[in-house]
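Novice: 3D model of this:
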Amino acid sequence: MFRHSFFYIYLYMSDFFCTFVADFVRTQNERTHVCKKEMKIAIIGYGKMGHMIEEVALERGHKIVARIDAGDVFDLRDADVAIEFTTPATAKDNILRAWAQGVPVISGSTGWNVAFSNEIAKVHTTPLNGEATHASALPKNWKFSGTPNKVEVRDETGKVMLVWSSNYSVGVNITFELNKILAQMMSTQPQYTPSIKEIHHIHKLDKPSGTAKTLAKDIEDLRLKIDDLKIESIREGEVPGTHIVTWDSEEDTIVLTHIAKGRRGFALGAVLAAEEILNI
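Specialist: You can find the predicted model right below:
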């Protein structure tokens, strides 16, 4: 019985890592790739993350046509796409204002206001590539679909108008997959109690982080209850982002950790997402 279980896990892990290696090699090659077609980008939220997005976009041959911060004129008329990293209080309005000008949005903001978050949360209950019914925050006949860590909105023609992810880092998305594998294995090990700790810089306003919520949701989906009360949020210094999933028992402790070393990985992922929806 044990050998059969081990063999199943081995095949599952092998398939996952073979798929990942192919994607990782492609992403590594894209780090130095300069696109043949220029993309005109509006950056909404021109803080440290916005500056890093600008740096990555310029390296890849794109043009920044607008840099918008709080209080600036919201003019996206020259943009092909907007990349938005702002605050929980402003993300929804930024997205709706971009849509009003016909501009699709790549958003990395987390902790949105309650009304819009509840509508996005409906997506989390739908299967992969499933579709939810019309929600009041979306124009009529627009549809959204997704997974716990990614949301996609399309207009009535099928054009992608929003990609939202709780985290655009390649390493974090690997961590999401490992978290699900570990949680699945723990579903038969009730002696282990899960908890999550996330550590970020003092400028991050939302608690818990979107990444921590995604990790928790993936565990919840396997009927292993973990809620926000068990997510410890720490804000200190200029920490880019650390996430720790702990499974503790009287006999031992298992820890899954991701430590970001900077913002570049998040910025690259956002720019790649913009290129993808514009077929560049």
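Novice: Can you tell me the closest non-neighbouring residue to Glu232?
Specialist: Leaving aside its chain neighbours, Glu232 sits nearest to Lys197 (4.4 Å; criterion: C-beta to C-beta, 6 or more residues apart in numbering). The C-beta positions use only the backbone N, C-alpha and C, and glycine is treated the same way.
Novice: swap in Val160?
Specialist: With sequence-adjacent residues excluded and distances taken as C-beta to C-beta, 6+ apart, Val160 is closest to Ile277, at 4.2 Å.
Novice: Count the neighbours of that neighbour for me.
Specialist: Ile277 has 19 neighbours, counted by other C-beta atoms under 10 Å.
Novice: Give me the distance between it and Val153.
Specialist: Taking C-beta to C-beta, to the nearest Å as the measure, Ile277 falls 11 Å from Val153.
Novice: Pull up the overlap in contacts between these two.
Specialist: Applying C-beta atoms under 8 Å, 6 or more residues apart in numbering, one finds that Ile277 and Val153 are jointly contacted by Val160.
Novice: ok so, going back, and the residue nearest to Glu232, what does it touch?
Specialist: Lys197 makes contact with 231-234, 242-244, 246, according to C-beta under 8 Å, 6+ apart.
Novice: quick one: it from Pro208, how far?
Specialist: In terms of C-beta to C-beta, Lys197 sits 9 Å off from Pro208.
Novice: Please apply the same query to Ala82.
Specialist: Distance, Ala82 to Pro208, by C-beta to C-beta: 26 Å.
Novice: Have a look at the two and say which one is more surrounded.
Specialist: Ala82 (28 against 22).
Novice: ok, now how distant is the residue nearest to Val160 from Trp142?
Specialist: According to C-beta to C-beta, Ile277 and Trp142 sit 15 Å apart.
Novice: And the residue nearest to Thr86 when sequence neighbours are not counted, what's its pLDDT?
Specialist: Using C-beta to C-beta, 6+ apart and skipping residues adjacent in sequence, the residue nearest Thr86 is Gly45, 3.9 Å away. Here the pLDDT value assigned to Gly45 is 95.
Novice: ok, Gly45 - contacts?
Specialist: By C-beta under 8 Å, 6+ apart, the contact set of Gly45 is 68-69, 84-87, 94, 109.
Novice: List only buried entries from those.
Specialist: The neighbour-count test (16 or more other C-beta atoms under 10 Å) marks 68, 84-87, 94, 109 as buried among the contacts of Gly45.
Novice: returning to that earlier point: from the contacts of Gly45, which ones fall inside strands?
Specialist: Residues of those located in strands (DSSP state E): 68, 84.
Novice: JSON lines for the contacts of Gly45, including distance to Gly158?
Specialist: Below are the contacts of Gly45 laid out as JSON lines (distance: C-beta to C-beta, whole Å):
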{"residue": "Ile68", "distance to Gly158": "27"}
{"residue": "Asp69", "distance to Gly158": "32"}
{"residue": "Glu84", "distance to Gly158": "22"}
{"residue": "Phe85", "distance to Gly158": "26"}
{"residue": "Thr86", "distance to Gly158": "27"}
{"residue": "Thr87", "distance to Gly158": "31"}
{"residue": "Asn94", "distance to Gly158": "23"}
{"residue": "Ser109", "distance to Gly158": "25"}
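Novice: Is it possible to get CSV of the contacts of Gly45 that adds distance to Val56 and pLDDT?
Specialist: Below are those laid out as CSV (distance: C-beta to C-beta, whole Å; pLDDT from 0 to 100):
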residue, distance to Val56, pLDDT
Ile68, 18, 96
Asp69, 19, 92
Glu84, 15, 96
Phe85, 12, 93
Thr86, 18, 91
Thr87, 21, 87
Asn94, 20, 93
Ser109, 18, 87
